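K.L.:
for reference, the sequence and a predicted model appear below.
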Amino acid sequence: MPTDTTAPPGVQVCSLKRDTPQSIPANSPYTVIRFPFGTAESTDRFAMHQVNQPDGYVITNWDTDDRSGLIWPSTAGWGVLYAMIQWEAGDYEELRDQFVRDPLGLTPAPGDTTATEHRPPSPGMQCWTKQWGIFVDPAVPLAVRATHDDSVARNIVLAEFKLAVHHAA
């Protein structure tokens, strides 16, 4: 994938945090984890997570609009994705999460998943972290998605999603 040779030097970072519950339906397909904007997020110095999306769409309610879970990379390069997901305790057999390019089908390029993990539960609350590297492009948004196999809806009680974009020669 080509990189942007006009990008400023250094790592460009977007760091999102959700500390309010998000309900994930029982036995559902993967659900985009949504994140707040502005002062409620950790940092977005390079405008990768904005209410006014790069394609002109405007998000009016971050907590119900899957687009609030998108990070639009500020430049092309080598992206390192990070996620932290904490689930409430439940009757799980398996918890699942993944990173995905273009999860909502907004670009001509087909979306694809990466770093998909299926995890058995541990006792009590379920707390997971993950990291994965991929090439990123400003025209292709990224998200972290999750699901579970409990028979009732369960909450993600805390989540973080981060992207660090490094210049790739």
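P.N.:
Cool, got the structure.
K.L.:
which residues touch Gly111?
P.N.:
Gly111 makes contact with Val100, Arg101, Asp102, Pro103, Leu104, Gly105, according to Cβ atoms under 8 Å, 6 or more residues apart in numbering. All C-beta atoms are positioned from the backbone trio N, CA, C, and that covers glycine.
K.L.:
Glu117 versus the nearest residue to it once chain neighbours are set aside, what's the distance?
P.N.:
Once flanking residues are discounted, Gly111 sits nearest to Asp102: 3.6 Å by Cβ to Cβ, 6 or more residues apart in numbering. Remark: distance between Asp102 and Glu117 (Cβ to Cβ, to the nearest Å) = 20 Å.
K.L.:
of these two, who's got more company?
P.N.:
Remark: of Asp102 and Glu117, Asp102 carries more neighbours, 19 against 14, as counted by other Cβ atoms under 10 Å.
K.L.:
quick one: the more buried one from Asn52, how far?
P.N.:
Asp102 sits 19 Å away from Asn52, going by Cβ to Cβ.
K.L.:
what's the local residue count around Gly10?
P.N.:
Neighbours of Gly10 using other Cβ under 10 Å come to 9.
K.L.:
helix/strand/coil for it?
P.N.:
Put simply, Gly10 is coil when judged by DSSP: H, G, I helix; E, B strand; the rest coil.
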